[in-house]
Each structure stands twice: as C-alpha cells, then as structure tokens.
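[1] Structural data only, the sequence is not supplied:
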C-alpha cells in the first residue's frame, strides 16, 4: 500500500481532537496486519525510543496504534494484491473530521469528486467514503459533540 510520511510533533498536533479538517484516524487494509505492524513498528520506532508514547494492541479484529493514549491508526488484514475491487486491495485510508458528513459528501460530488459509500451512522460516528477528482480515496467522519456533562457523543 502506498503511503506518505508526515513530520511533526504529535503532542501539539490535532490527532484525536476531532477538529473540523483534521485527520483523526488512519486505516491500513493489508494482506497481513501483524506483519505490517512489525514493519511499521520498526520503521517508525513504535517498539523502541517511542515505546513510552506508543502502544500497539489487537482489538476489534485489527491491530490498533495508540499514541499518548489516543487511538490513531488501525491495521486490518484480508486485502488481496490482485483483487479486481480496489476496496479489497492493500491501501491506506485517512479519515478527516467534518461538522456535517452529508453536506461534505454532497459538496465533494458537486466539485467533481465522488461518493464511494454514502453517509452512514457507525459506532464511531457518521462516516462517508469519498473520492477526489484525481481518484484519491479518503473518508470523512463527524465531529463529536460535547454533552452538558462533558462526555463526548457522536
């Protein structure tokens, strides 16, 4: 799966804050999630100097990376290199937070992109999968709302 590298300080970044426009989740669909976790762990030091900040666990049928206690990435197995369906091939997907998933999906279509899977309510909030005009795939997720008691809801 192709990927890029972002350089920056995660302690002051927007990861996990669910602010509009901020990436909140990364998901890898790969042939072998455990093999991929070992590879990325060695490349990015999840198991060495960053160990006190990084925690890698198996939960909800995937390998999940936590940084400073925030779940930021999931690695899921089952992808097939030569699958005719691009959704089954190895790939990374980034999820961006938005205030209104339905409005963003509609705007993406109006601007020449596409809606790969329509807005759906999930245990993680409302989500839609989109495609930009060049074919890049990404997803949008609703910003969590704070209740009067301070608990977050979707």
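    Great, that's in hand. This is a predicted model, so every value here is computed, not measured. Numbers count the residues shown, from 1 in each chain.

[2] in which helix or strand would I find residue 40?
    Here residue 40, judged by DSSP states H and E, is contained in helix 33-44.

[3] Contacts for whatever helix or strand comes next after that helix, please.
    Towards the C-terminus, the helix or strand next in line after helix 33-44, according to DSSP H and E, is strand 54-59. Contacting residues not belonging to strand 54-59 are listed as 37, 41, 45, 46, 47, 63, 64, 65, 66, 67, 69 [CB atoms under 8 Å, 6 or more residues apart in numbering]. All C-beta atoms are positioned from the backbone trio N, CA, C, and that covers glycine.

[4] In TSV, list the residues you listed along with distance to residue 136, neighbour count and pLDDT.
    Output for the contacts of strand 54-59, formatted as TSV (distance: CB to CB, whole Å; neighbours: other CB atoms under 10 Å; pLDDT from 0 to 100):
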residue	distance to residue 136	neighbour count	pLDDT
37	24	23	90
41	26	18	87
45	28	13	80
46	26	20	77
47	31	13	68
63	24	23	91
64	24	19	91
65	22	21	88
66	27	17	86
67	25	18	81
69	30	8	82
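
[5] Kindly reformat those as TSV containing distance to residue 53.
    As requested, the contacts of strand 54-59 are arranged in TSV below (distance: CB to CB, whole Å):
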residue	distance to residue 53
37	16
41	13
45	10
46	9
47	12
63	17
64	15
65	11
66	9
67	6
69	9
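
[6] coming back round to it: for the helix holding residue 40, which positions count as buried?
    Within helix 33-44, the residues that qualify as buried by neighbour count (16 or more other CB atoms under 10 Å) are 33, 36, 37, 40, 41.

[7] got it, and stretch 107-118?
    Taking 16+ other CB under 10 Å as the neighbour-count basis, stretch 107-118 is seen to contain the buried residues 108, 113.

[8] Low-confidence stretches in the chain?
    6-18, 47-51, 86-87, 144-154 (pLDDT under 70).
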